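Novice: Sequence plus the predicted model coming up.
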Amino acid sequence: MPDSGLPGKDGPGPAGPDGMKHICVYLAGNVGHGKAHRQQAESLGRLMAGEAIGLVYGGARVGLMGILADTVLAHGGTVTGVIPRHLEYQDVAHDGLSRLYVVDTMHERKYKMQTLADASLALPGGFGTIEEIFEALTWAQIELHEKPCVLLNSDGYYDDLFKFLDHAVAEGLLKEKNRALALQAETAESAVRIIQAAWAGKEDALVRTLRSYRR
């Protein structure tokens, strides 16, 4: 298979210069009506900062995106934003991030975010959030990467989406093994634990492989 440019399939570790693990988080540019989604964004921000996990996200200062980034920064964490130029011109970009990449297109944005991260996590959101996590899942399905992909099902937000995926399996249009790529968590903490367990499993497998070559 040709090199995909997506770190994670052929070896662990982020593309960023700080040496830490990173999670790419997709989430809404609006705050929404309920408190639960905001609370989970804040909880995730505190947890990622406390455990030295870098945040990669869409670079905006608005909505749940801004809340998450501000929470990570307020607790001493590292935040990398990736924003397309047309949104930067609309004064949407967050100007207080650890790093901000400005790219020309939405396609470049999504690719860059994936290359900088070791996992993908979707919090509640709309068209963009769902499209982005499904693209990450599609790339995993066709083996461009082996990074965990998790949807944080805050307050049952994604219940109907998971029902649809099960329906797609029942209709024979989605393979069960690919349905299993869409991991589900009910809280920010459980989402991070799922991702960390996947990282640990991959690292253990890598160690076993290296040891087998030494025999």
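Specialist: Noted; the coordinates are in hand. As the structure is a prediction and not an experimental result, all values here were calculated from the model. Numbers count the residues shown, from 1 in each chain.

Novice: List the buried residues of the helix ranked longest in the chain.
Specialist: The longest helix of the chain (DSSP state H) is helix 188-214. Neighbour-count burial for helix 188-214, counted by 16 or more other C-beta atoms under 10 Å, picks out 188, 191-192, 194-196, 198-199, 202. For every residue, glycine as well, the C-beta is placed using N, CA and C.

Novice: which residues are in contact with the helix or strand that contains residue 80?
Specialist: Per DSSP states H and E: residue 80 is located in strand 79-84. For strand 79-84, the external contacting residues (C-beta atoms under 8 Å, 6 or more residues apart in numbering) are 16, 22, 54-60, 69, 72-73, 92-94, 97-106, 108-109, 112-113, 116.

Novice: and of the buried residues of helix 188-214, the nearest to residue 159?
Specialist: Using C-beta to C-beta, residue 191 comes nearest to residue 159 of those, at 15.9 Å.

Novice: Spatially nearest residue to the closest one, not counting backbone neighbours?
Specialist: residue 185 (3.6 Å; C-beta to C-beta, 6 or more residues apart in numbering).

Novice: count of neighbours near the one you found?
Specialist: Number of residues near residue 185 (other C-beta atoms under 10 Å) recorded here: 19.

Novice: measure it to residue 91 for me?
Specialist: The spacing between residue 185 and residue 91, counted by C-beta to C-beta, to the nearest Å, is 33 Å.

Novice: What of residue 99?
Specialist: 19 Å.

Novice: Those two - which one has more neighbours?
Specialist: residue 99 (16 against 9).

Novice: so the residue nearest to residue 117 when sequence neighbours are not counted is in which element?
Specialist: Once flanking residues are discounted, residue 117 sits nearest to residue 24: 3.5 Å by C-beta to C-beta, 6+ apart. Using DSSP H and E, residue 24 sits within strand 22-26.

Novice: again with residue 121
Specialist: strand 120-122.

Novice: One more: residue 114?
Specialist: Using DSSP H and E, the element containing residue 114 is helix 106-116.

Novice: what about the strands in the protein?
Specialist: For the chain, applying DSSP state E gives strands covering 22-26, 54-57, 79-84, 99-103, 120-122, 149-152, 182-185.

Novice: which regions of the chain lie under the pLDDT threshold?
Specialist: Low-confidence segments of the chain (pLDDT under 70): 1-18, 206, 209, 215.
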